[in-house]
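*Asks:* okay, here's the prediction I keep looking at, along with the sequence it came from:
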Amino acid sequence: MAKMRGLSSPFCLFAFLFIAFASTASAASAVLGIDLGGAYIKAAIVKPGVPLDIVPTKDSKRKEAAVVGFKPVSGSALEFGSYPERLYGGDALALGGRFPGDVFTNLKTLLGLVPDDHTDSMIKNYHARHPAIKSKFDQEKGTVSFEPSAFSSSEGPWTLDELLAMELKNIRTNAEAMSKGSSVTDAVITVPVHWTADERRAIERAADLAGINVMSLISDGLAVGIDYAVKRTFPSVTKGEKPEYHLIFDMGAGSTTATLLRFSSKDVKDIGRFNKTIQEVAVMGAGWDKTLGGDELNALIVDYLVDAFVAKPQAVKAGITAEEVKGHGRTASKIWREAERARMVLSANSDVRSSFEGLYKDIDFATKLTRAEFEKMAASHADRISAPVQQALDAAKLSFKDLDSVILHGGAIRTPFVQKKLESMTGKSTEVRSNVNSDESAAFGAAFKAAGLSPSFRVKEIRDIEAAVYPAGISYSDGKARQQKLFVATSQAGLAKEVTVKNLDDFAFTLFQIVDGADRQVTEVKTQNLTASVEALTTKFGCSKDDISTKLKLRISPIDSIPEIVSASVSCEVEGGKAGGIGDSVKGLFGFGSKKGEQEPLKEGEEAEAETSSSSSSSSSSTANAKASGSAAAEADIKKKRTEIIPVKVTTVPKGLAQPAPEEIKAMKDRLAAFDRSDISRIQREEALNVLEAYTYRTRDLLENTDFVGASTEAIRSQLSSLLSSTSDWLYGEGSSAKAEAFKSKLADLKAIVDPVQKRREEASARPEILKSLQSSLDQTKSMVDAIGKQIAASISSASEAALSSSSTTEAAASPSAADDLDDLDEPDASSTSSSAKPSESASLMPYTEEDLASITKAYESVSEWIKAKVAEQDKLQPFEDPAFTVKEIETKAKELNKALMDMVTKKMQMPKASTRSSSSKKPKATKSKKAKSSSSESSTASESASASPSVVVEEPAKPIEHEEL
């Protein structure tokens, strides 16, 4: 116990303080849930005191278009290291009509591409949609690179990671603006369930470049499931009830996924002996179509519009082809935007009209598309809807009759034929529901998970379980190439599996995923001290190499669903007592010590050295038997088996797509930070320019203002007019490229002339009222001075009269009366006592002194004389001259008067109240009679009564207090 107490003081106190500080530091931090879509990004925030809420964009919309654009500088090329104006969302989309090569959208579809035929097809399709964008796949960096024309030709290309980081940083900036400037760095980000390790690492890297700490990645369907479960409870599997199964059908801009979820509640162990009930949402199976989405439906309308345009007589006459129209950047941008609008209109209407003014080569174009025509074009796409749903059901080994509902999510599910197809597939037994917000549910679910992971919040406990989605395993060599599949598509993330290998020397092995039937390496793992650990087991513990086993613990990461190694160890069984493992080492470090010597527990038969009990006088035979018994126990303990375990250190290296080196990551962060500084500088410049322009307009109006003219001279106005003219010329000339400091300097020059005149105007306007207020204070002070003077005089007069009266009373009391002897024992008459106390009381209760009167009189006369002189001086001045006194000076003088008044009032309030004797506090004494003299007992009683009833002094009661006679 002494050892434990020694440990608990310094170390535990430090640990407690560290945890408390960490909790306090994180208590005020907000967390984000980011739904990263192909066309739009939605974000929800949780912050202290505020429930889940959507992060609005700068123009107060609830979702931001997943677009970033760069506005080229007109007139001249940018210098190296300079950056153009950067735009996001709707502003960037609007820029696409003019600068299609500098506006980047649909970036999510290019993440994690590996060099193969599919990648070539994806990049080709991207170029077909965005013909003006210059991009290429950089195999060295393992990502797509872009070359915007808005930058200097010396500026290197921008990687996909950097552009995505800009979009994420914009979302983070919006969240911090909503949080009134507090930092927001932690987030849970949604990803398609079919994303591989390469794609997941790419989005984590982009988030890191944006300064976002990814608390976890979560599949879109599971995020919707969490949002669905927040306000619901589900059947208890602990009680044997059947769980609910819901299919989340998510059709977005770039892909379609179907995620089958199991919803249930269960009892789990809580603190101590208590249990608690939690809700559980688990992924049972998933299916997907990586290209079926709103973009492919838009492409159908694009083809329809282009074909209709080239069929026009004007286009035929000009020899315009469809490839020519689609390959023209500005024209393609206009048509794609119109195609998306038309599809959305057809979701609620039977037809839509599209019109373009000067679409291509100044040819106007207008056409009409009906819903029936659109659905006929999309018939083959409608047939593809069933594949992801069936894939998810097959993975979970369930059928449509097992489903409780199909929950719709994603922007493209509003397309009427999509819902019709789902209803025809599921039949009447399953309900197709729209009972979650199809745009925001995933963002809300991700934010709820983020709040659950953060120590700053306490939320309803919903346990979410991802699935592996892709089978995964390990490949290694122990003299022979070996490969073992450990996880299937439905394996739960977070559950570890242990693998035993024969390797006893340091070796390397690889974790892999099976994607589209092919093994794809994910991580290479190398052991660091396996050889040394095996040697330690053989030399220190006598282990045979045949008895030594190497064990690897692996799992699907619950953070990003990537296969990972949890731990590695080498072990063997040895004979002996309890092992002195890692735990004992830690105990020794913190003061518990090893269980040897005095710390070793006594075995049977051993005697404690300090034993002094009466049992120490036992016979020698008993002692011998005890020792023999102890020896037998020790031999049995030696023969007992124990496992000696040594942890093995490992290092991991990501495999698959090439990963940027640390110096490359630093260079990207530095360039993004420089771009951020450029944005801030540009915003400050624009603000300074706007302030200067607005000030010049207001100042021109002042030159015609009567009050301003009256408060200024002709020379001042002439100087101001000349400066205004030169400033305006400069603004639209050299100032077009000036920096913020130049605008601020021009503004300061104008204010140097205008501010003194404006100050005179303000003083002249406020002067009458403030003078009136000061005069009122002077009048009050004068009244106070007169009142204090009268009160002091009255107090002195009253004290003199009281002194004369007291002198007369004293002389009368000095003459002895002819009463009998007992009268000498009587108490003084109450009236006489009260009268004699008045002079001292009157003197002590006088509230003010001559010094007080002199102090307030001085303050009054000082302010009165000052204002009289200043007003006379001001009357001699012209309106365009600086005033003799300012409003602030008058306020200062008024404060002096108020302080003098308050000092007097405070002194009055602090005076003690006059005390008086209650007339009924003591009953009048009875006149002593001869009968009283002859009765000694009655005389004694009267005397005791008189002495037991003293006068009671109270502080000015509203009503005299009557005291019972004691």
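*Replies:* Here it is on my side, so go on. Everything numeric here is computed off the predicted structure, so don't read it as measured data.

*Asks:* show me what the helix or strand harbouring Lys907 is packed against.
*Replies:* Lys907 is located in helix 887-910, with elements delineated by DSSP states H and E. In terms of contacts (3 or more C-beta pairs under 8 Å, 6 or more residues apart in numbering; DSSP states H and E), helix 887-910 is packed against helix 740-813, helix 850-875. To be clear about C-beta, it is placed using only N, CA and C from the backbone, and glycine gets the same treatment.

*Asks:* in that helix, what's buried?
*Replies:* Val887, Ile890, Lys893, Ala894, Glu896, Leu897, Ala900, Leu901, Met904 (16 or more other C-beta atoms under 10 Å).

*Asks:* what do you get for stretch 332-343?
*Replies:* So for stretch 332-343, counting by 16+ other C-beta under 10 Å, buried means Ala332, Ser333, Lys334, Ile335, Trp336, Glu338, Ala339, Glu340, Ala342, Arg343.

*Asks:* could you give the mean pLDDT of it?
*Replies:* On average, the pLDDT along stretch 332-343 is 95.

*Asks:* can I get that stretch in CSV, CA atoms only?
*Replies:* Only the C-alpha atoms of stretch 332-343 are listed here, as CSV (Å, rounded to 0.1, in the frame of the first residue of the first chain):
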residue,chain,number,x,y,z
ALA,A,332,-19.6,22.5,-74.0
SER,A,333,-19.7,24.2,-70.6
LYS,A,334,-23.0,25.9,-71.5
ILE,A,335,-24.6,22.7,-72.8
TRP,A,336,-23.6,20.6,-69.7
ARG,A,337,-25.0,23.2,-67.4
GLU,A,338,-28.3,23.3,-69.3
ALA,A,339,-28.5,19.5,-69.4
GLU,A,340,-28.3,19.3,-65.6
ARG,A,341,-31.0,22.0,-65.3
ALA,A,342,-33.2,20.2,-67.8
ARG,A,343,-32.9,16.8,-66.0
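
*Asks:* pull the residues that contact it.
*Replies:* Contacts with stretch 332-343, where a contact means C-beta atoms under 8 Å, 6 or more residues apart in numbering, come from 93, 96-97, 100, 103, 129-132, 294, 297-299, 301-302, 305-306, 325-326, 352, 354, 356, 359, 369, 374, 415.

*Asks:* one more: stretch 452-464?
*Replies:* Taking contacts as C-beta under 8 Å, 6+ apart, the residues outside stretch 452-464 that touch it are 22-23, 26-29, 31, 46, 48, 186, 188, 215-216, 218, 222, 225-226, 229-230, 276, 278-282, 448-449, 451.

*Asks:* can you tell me which of those residues are in strands?
*Replies:* Applying DSSP state E to those, the entries found in strands are 31, 46, 186, 188, 215-216, 218, 276, 278-282.

*Asks:* biggest separation within those residues, which pair?
*Replies:* Within these, Asp186 and Lys276 form the most distant pair, 25.7 Å apart (C-beta to C-beta).

*Asks:* helices of the stretch 401-550 of the chain, start to end?
*Replies:* Per DSSP state H, counting those that start in this stretch, the stretch 401-550 of the chain carries helices over the ranges 416-426, 441-453, 530-540.

*Asks:* per-residue confidence averaged over the last one?
*Replies:* This means helix 530-540. Helix 530-540 comes out with an average pLDDT of 95.

*Asks:* same check, this time on stretch 768-780
*Replies:* Averaged across stretch 768-780, pLDDT comes to 89.

*Asks:* pull the distance from it to the chain's centre.
*Replies:* Its chain's C-alpha centre lies 52 Å from the corresponding centre of stretch 768-780 when counted by C-alpha atoms, centre = their mean, to the nearest Å.

*Asks:* do the same with stretch 354-373
*Replies:* Taking the mean C-alpha point of stretch 354-373 and that of its whole chain, the gap between them comes to 47 Å (C-alpha atoms, centre = their mean).

*Asks:* before we move on, what about stretch 559-572?
*Replies:* Between the centre of stretch 559-572 and the centre of its chain there are 33 Å (C-alpha atoms, centre = their mean).

*Asks:* go through that stretch and flag the buried ones.
*Replies:* When neighbours are counted by 16+ other C-beta under 10 Å, the buried residues of stretch 559-572 are found to be Ile559, Asp560, Ser561, Ile562, Pro563, Glu564, Ile565, Ala568, Ser569, Val570, Ser571, Cys572.

*Asks:* can you tell me how far the first one is from Leu261?
*Replies:* Spelled out, that is Ile559. With the distance defined as C-beta to C-beta, to the nearest Å, Ile559 ends up 20 Å from Leu261.

*Asks:* same deal with the third one?
*Replies:* With the distance defined as C-beta to C-beta, Ser561 ends up 15 Å from Leu261.

*Asks:* then the second one?
*Replies:* Asp560 sits at a distance of 19 Å from Leu261 (criterion: C-beta to C-beta).

*Asks:* just checking, Val352 is part of a strand?
*Replies:* Yes - judged by DSSP: H, G, I helix; E, B strand; the rest coil, Val352 forms part of a strand.

*Asks:* helix or strand for the nearest residue in space to it that is not next to it in sequence, which one?
*Replies:* Take Val352 and drop its neighbours on the chain: the residue closest to it by C-beta to C-beta, 6 or more residues apart in numbering is Val345, 4.2 Å away. Assignment of secondary structure by DSSP H and E places Val345 within helix 329-346.

*Asks:* repeat for Gly287
*Replies:* The secondary structure element spanning Gly287 is strand 275-289 (assigned by DSSP H and E).

*Asks:* buried residues, that strand. List them.
*Replies:* Neighbour count says strand 275-289 has Gln279, Glu280, Val281, Ala282, Val283, Met284, Gly285, Ala286, Gly287, Trp288, Asp289 buried, by 16+ other C-beta under 10 Å.

*Asks:* got the contact list for the last one?
*Replies:* It stands for Asp289. Residues in contact with Asp289 (C-beta under 8 Å, 6+ apart) are Ser255, Thr256, Arg384, Ala387, Pro388.

*Asks:* next up, the contacts around the first one.
*Replies:* With contacts taken as C-beta under 8 Å, 6+ apart, Ser255 has the following neighbours: Gly38, Pro192, His194, Trp288, Asp289, Lys290, Thr291, Leu292, Gly293.

*Asks:* give me phi/psi at it?
*Replies:* In this entry, Ser255 is assigned phi and psi values of phi -150, psi 170 (degrees, to the nearest 10).

*Asks:* let's number from 37 now, not from 1
*Replies:* Sure thing, new numbering starts at 37, so read that last one as Ser291.

*Asks:* nearest to Leu429 among the buried residues of helix 923-946?
*Replies:* Proximity of these to Leu429 (C-beta to C-beta) peaks at Val923, which lies at 81.3 Å.

*Asks:* in this structure the closest one contacts Ser801, no?
*Replies:* No - the pair Val923 and Ser801 fails to qualify as a contact (C-beta atoms under 8 Å) at a distance of 9.5 Å.

*Asks:* dump the contacts of Ser291 into CSV; add distance to Val686 and pLDDT as well.
*Replies:* Converted to CSV, the contacts of Ser291 look like this (distance: C-beta to C-beta, whole Å; pLDDT from 0 to 100):
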residue, distance to Val686, pLDDT
Gly74, 37, 93
Pro228, 30, 97
His230, 29, 96
Trp324, 33, 97
Asp325, 38, 96
Lys326, 34, 93
Thr327, 38, 92
Leu328, 41, 95
Gly329, 40, 95
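
*Asks:* need those in CSV (columns: distance to Ala694).
*Replies:* Listed next are the contacts of Ser291 as CSV, based on distance: C-beta to C-beta, whole Å:
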residue, distance to Ala694
Gly74, 24
Pro228, 22
His230, 22
Trp324, 26
Asp325, 28
Lys326, 22
Thr327, 25
Leu328, 30
Gly329, 28
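
*Asks:* thanks a lot, catch you later.
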